[in-house]
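K.L.:
Quick check, what structure comes out for this input:
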Amino acid sequence: MGEKYKRGRTIVESVPKTIQGTRYLWQLSHHDHELAGEIGQALQIPPLVALILTKRQISSPSQARDFLYSRLENLASPHQLPDIEKAVIRIVRAIEHREQIVVYGDYDVDGIAATALLVHFISRLGGKVQWYLPHRIDEGYGLNKRALSQLHGQSVSLVVTVDCGSSDHDAIQHARELGIDVIVTDHHQPPRHLPAANVLLNPKLDQDVTELRDLAGVGVAFYLVTALRTHFRRSGRWNVSDQPNLREYLDWVALGTLADMAPLTSTNRILTSVGLLELSRTSRYGLRALREICGLDNSQVGDWDVLFRLGPRLNAPGRMGNGELALRLLLSTDLSEARTLARQVDEINRERQVAEDKLLAEVLASVEADNSFQASGSLVLASPGWHKGLLGLVASRLVERFNKPTVLLTQVDQVWEGSGRSVPTFDLHRALDCCSEHLLRFGGHRQAAGLRLKQEQLPGFREAFESIVTKEIPREDLPRTLKVDSVARLDEINPGVMTYLELMQPFGVGNPEPIFCCQDFQVENLRILKGSHLQLRLRQGNTRLNAIGFRLLESGQTAPVPERLVFSPRWNYWQGEKRLQLYIIDYC
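P.N.:
Numbering: from 1, shown residues only. Below is the predicted model of the structure:
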């Protein structure tokens, strides 16, 4: 191992493995310096970057190279998905026989993007296709009998779901009785007993499907489209040179995958990395108009922009009731229309923000009014007047605030219906499965799920859920932990390192933004901005950097002089200039 790749050993060893900050208990990572040296020398990358790569489940220089330089040729084959050929054959038959096809979607960004993708591609193949999105408040998530009966009346003979369907036993049985074939494409955790669909396309159905297991709903739809293209190429419809370029669909894939918080590893990482490039230069009028509204019309679009700008706006119509406005925006072929739709989506998002803050205040008042919640390991709250579309967002904010698995319920048609969110170490879907005797229906993922139960089932569910939580999570107050990737000197945070950190993007679940710890610096300047933001000018040796931490201070709090910081480095763009800045997460 070269000398420069022995970097930081003495520095790292001089820092405790755990440090109590003002907000989090910092947990400093253990490093494999030998592996980091091997990766660093092979790729000729900065030592700090090589160390970070060893914390991303990378065990060789070749894996590190593939991680940094995402290539579409490294994507897994669509035929790893069980029964994908059955789905292709049924869709091809429907296209060739001019059957009426409906893509039945979901009202979140993942479902809307998947619907747009499949509708657009089947139309391109000459299929008779339309779309259907259920109304969140009036119909709820997934397939429902009323909608299927309506579609039957329109001579629909094939329904292809996206981002839903795995748990819709009754509705799918109803469709079959009506003579409608159903292809379910989904990525949610399947139930023990599967519905009687003609085809179930879900990567979580087969334990041997590893590279595609974490696809979002739009990822499953993209792989179905990939298999359809292969079929038509082999049948002689296209040759390799004139077949549709599926890369142009990756803007929608990146939107849905990032917004749905799917793990950004393996296949998802490739799809989103290339997809963000496509999103930055997209010719789609809907996405161009949305970017304009978000102030991103001339910018490279990153993961943060999807999560906090584009995604919330596309989600807002579906959260407030009907996601059709967002879907029409994605599919718009007229720039003037797209700009009108983008303004409407933006206004609905503003309304969503106001309503969410109001609901959060109501829920917090309920928590504070009931002393039993302080001693409980979970939060299960219900009120008839709460807005169904906002429960998941508010549950997430409660998890962040109280560090407890949280379920929020509202009254719909004389039953309780709502959303749950969890802490990273607790499998919410498995917990709901264990409580299923108290539920009418549930579905979702490890960290987020939806559920439905009778009013009289609520006390039993609350007790059963709390019992599971307290068995798996110790009753004593658990500190909020923060995993720190490495100790770093200020001179190691430089434009060269930032180039490689940008190659590690997009950041998210499974590939978190790197977090560093720094000590032994001088604070040359300290300011409090707007009462709660901490701004610092740091010096270490000959290196000076600006740092800022948002909402780190309580109103009126005396400004601290930190001895240690944990931070993520980012570029700050201001008035046409690009400057390196540290974004403070915690201090002590």
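
K.L.:
end to end, how far does stretch 483-497 reach?
P.N.:
20 Å (Cα to Cα, to the nearest Å).

K.L.:
hmm, who's touching that stretch?
P.N.:
7-8, 11-12, 15, 26-29, 31, 46, 48-49, 51-52, 55, 512, 514-519, 521, 538-545, 566, 569, 580, 582 (Cβ atoms under 8 Å, 6 or more residues apart in numbering). The way it works is simple: take the backbone N, C-alpha and C, and place the C-beta from them, glycine included.

K.L.:
Now the buried members of these.
P.N.:
Buried members of the contacts of stretch 483-497, scored by 16 or more other Cβ atoms under 10 Å, are 7-8, 11-12, 15, 26, 28-29, 31, 46, 48-49, 51-52, 55, 514-519, 521, 538, 540, 545, 566, 569, 582.

K.L.:
In strands, which of the residues you listed appear?
P.N.:
Cross-referencing those against strands under DSSP state E gives 26, 28, 516-519, 538, 540, 545, 566, 569, 582.

K.L.:
Which single one of these is nearest to A87?
P.N.:
P569 (44.6 Å; Cβ to Cβ).

K.L.:
burial measure for the closest residue to the closest one other than its chain neighbours, as a count.
P.N.:
In space, P569 comes closest to I493 once its chain neighbours are excluded; the distance is 4.8 Å by Cβ to Cβ, 6 or more residues apart in numbering. Neighbour count for I493, taken as other Cβ atoms under 10 Å: 23.

K.L.:
For I493, give its distance to I45.
P.N.:
15 Å (Cβ to Cβ, to the nearest Å).

K.L.:
Select the longest helix from the chain.
P.N.:
What stands out as the longest helix in the chain, according to DSSP state H, is helix 335-369.

K.L.:
What's the mean pLDDT across that helix?
P.N.:
Computed over helix 335-369, the mean pLDDT rounds to 95.

K.L.:
which strands and helices sit next to it?
P.N.:
helix 285-293, helix 311-320, helix 324-331, strand 379-382, helix 391-402 (3 or more Cβ pairs under 8 Å, 6 or more residues apart in numbering; DSSP states H and E).

K.L.:
how far out from the middle of the chain is the shortest one?
P.N.:
For strand 379-382, the separation from the chain centroid amounts to 24 Å (computed by Cα atoms, centre = their mean, to the nearest Å).

K.L.:
Please apply the same query to the last one.
P.N.:
Remark: helix 391-402 is offset 15 Å from the chain centroid, using Cα atoms, centre = their mean.

K.L.:
ditto for stretch 243-256
P.N.:
Using Cα atoms, centre = their mean, the distance from the centre of stretch 243-256 to the centre of the chain it belongs to is 17 Å.

K.L.:
which stretches of the stretch 1-150 of the chain form helices?
P.N.:
Using DSSP state H, counting those that start in this stretch, the helices of the stretch 1-150 of the chain run over 9-13, 33-43, 47-54, 61-68, 84-96, 109-124, 145-152.

K.L.:
about what we covered before: just give me the closest of the ones in strands among the buried ones among the contacts of stretch 483-497 to A338.
P.N.:
Nearest member of those to A338, counting by Cβ to Cβ, is P569, at 35.8 Å.

K.L.:
Format the ones in strands among the buried ones among the contacts of stretch 483-497 as CSV; extra columns: distance to V301 and pLDDT.
P.N.:
Listed next are those as CSV, based on distance: Cβ to Cβ, whole Å; pLDDT from 0 to 100:
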residue, distance to V301, pLDDT
W26, 31, 95
L28, 33, 91
F516, 25, 96
C517, 30, 96
C518, 30, 96
Q519, 35, 94
L538, 30, 96
Q540, 33, 96
L545, 26, 96
V566, 27, 97
P569, 20, 97
L582, 23, 97
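
K.L.:
so can I have JSON lines of those showing distance to E85?
P.N.:
Output for those, formatted as JSON lines (distance: Cβ to Cβ, whole Å):
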{"residue": "W26", "distance to E85": "50"}
{"residue": "L28", "distance to E85": "49"}
{"residue": "F516", "distance to E85": "48"}
{"residue": "C517", "distance to E85": "51"}
{"residue": "C518", "distance to E85": "54"}
{"residue": "Q519", "distance to E85": "58"}
{"residue": "L538", "distance to E85": "58"}
{"residue": "Q540", "distance to E85": "59"}
{"residue": "L545", "distance to E85": "55"}
{"residue": "V566", "distance to E85": "49"}
{"residue": "P569", "distance to E85": "47"}
{"residue": "L582", "distance to E85": "51"}
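
K.L.:
From R328, how far out is R350?
P.N.:
Taking Cβ to Cβ, one finds R350 at 19 Å from R328.

K.L.:
and those two? which has more neighbours close in?
P.N.:
Counted by other Cβ under 10 Å, R350 and R328 do not tie: R328 has more neighbours, with 19 against 11.

K.L.:
ok, and the closest non-adjacent residue to that one?
P.N.:
Using Cβ to Cβ, 6+ apart, the nearest residue to R328 is L341, at 5.9 Å.

K.L.:
my guess is the one you found meets G286, correct?
P.N.:
Yes. Using Cβ atoms under 8 Å, L341 is in contact with G286, at 7.0 Å.

K.L.:
which residues do the two both contact?
P.N.:
Shared contacts of L341 and G286 (Cβ under 8 Å, 6+ apart): 328-329, 332.

K.L.:
Okay, now the unreliable bits of the stretch 401-550 of the chain?
P.N.:
Within the stretch 401-550 of the chain, the segments meeting pLDDT under 70 span 475-478.

K.L.:
ok, which stretches of it are strands?
P.N.:
406-412, 415-421, 441-444, 448-454, 481-484, 486-487, 516-519, 522-529, 533-540, 543-549 (DSSP state E, counting those that start in this stretch).

K.L.:
Can you add distance to D305 and give those back as a markdown table?
P.N.:
Output for the strands of the stretch 401-550 of the chain, formatted as a markdown table (distance: least, Cβ to Cβ, whole Å):
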| stretch | distance to D305 |
| --- | --- |
| strand 406-412 | 28 |
| strand 415-421 | 23 |
| strand 441-444 | 26 |
| strand 448-454 | 22 |
| strand 481-484 | 24 |
| strand 486-487 | 26 |
| strand 516-519 | 23 |
| strand 522-529 | 23 |
| strand 533-540 | 21 |
| strand 543-549 | 19 |
